[in-house]
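> no FASTA, just this:
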């Protein structure tokens, strides 16, 4: 499945979950509902996947846990907060860089219309200049 088709399916699932549950619940509730819908739709995913971080060739241990990774192609970062801060997007980009996954969805469920709470990010893999 291509990224665009997969992200469209994930967004559709998130919209369904938001329509059913509404805004303002804990992130873990939305994450659980999304995973339930992914399972119902036979979409492969990993939940709360831990990733190790290396710095200067030294293993720093587990640096973060990704909320949901769908088909090893999309990282879904689930939020339920009044406002998404600019750093939230930067954090998701860091997750993409360390996982090697190119596409991420930042989904904030604490909004009236979920379409206003979805940000799609793509890791820019431009080669560095010498």
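Now that the structure is in, tell me what you want to look at. These numbers were taken from a predicted model, which means no experiment stands behind them.

> if I pick the spatially most central residue of the chain, what's in contact with it?
For the chain, the residue sitting closest to the mean C-alpha position, by C-alpha atoms, centre = their mean, is residue 76 at 1.4 Å. With contact taken as C-beta atoms under 8 Å, 6 or more residues apart in numbering, residue 76 is in contact with 10, 14, 34, 67, 68, 69, 70, 104, 105, 107. Placement of C-beta: from N, CA and C, glycine included.

> ok, now which ones touch residue 60?
52, 53, 54.

> okay, it: pLDDT?
Looking at residue 60, its pLDDT stands at 82.

> looks to me like it is in a strand.
Yes - counting by DSSP: H, G, I helix; E, B strand; the rest coil, residue 60 is located in a strand.

> residue 49 should be in a strand, yeah?
Yes - judged by three-state DSSP, residue 49 forms part of a strand.

> what sits against it?
65, 66, 69.

> re earlier: and the residue nearest to the centre of the chain, how far is that from residue 46?
Separation of residue 76 from residue 46 (C-beta to C-beta, to the nearest Å) stands at 11 Å.

> identify the contacts common to these two.
68, 69.

> does residue 7 touch residue 122 like I think?
No - Residue 7 lies out of contact with residue 122 (C-beta atoms under 8 Å); the separation is 10.0 Å.

> which one of these two is surrounded by more residues?
Using other C-beta atoms under 10 Å, the more surrounded residue of residue 7 and residue 122 is residue 7, with 21 against 12.

> thinking again about what came up before, of the contacts of residue 49, just say which sits nearest to residue 93.
Taking C-beta to C-beta as the measure, residue 66 is the one of the contacts of residue 49 closest to residue 93, at 12.6 Å.

> how far off centre is whichever helix in the chain runs longest?
Longest helix in the chain by number of residues (criterion: DSSP state H): helix 3-21. In terms of C-alpha atoms, centre = their mean, to the nearest Å, the centre of helix 3-21 is found 12 Å from the chain centre.
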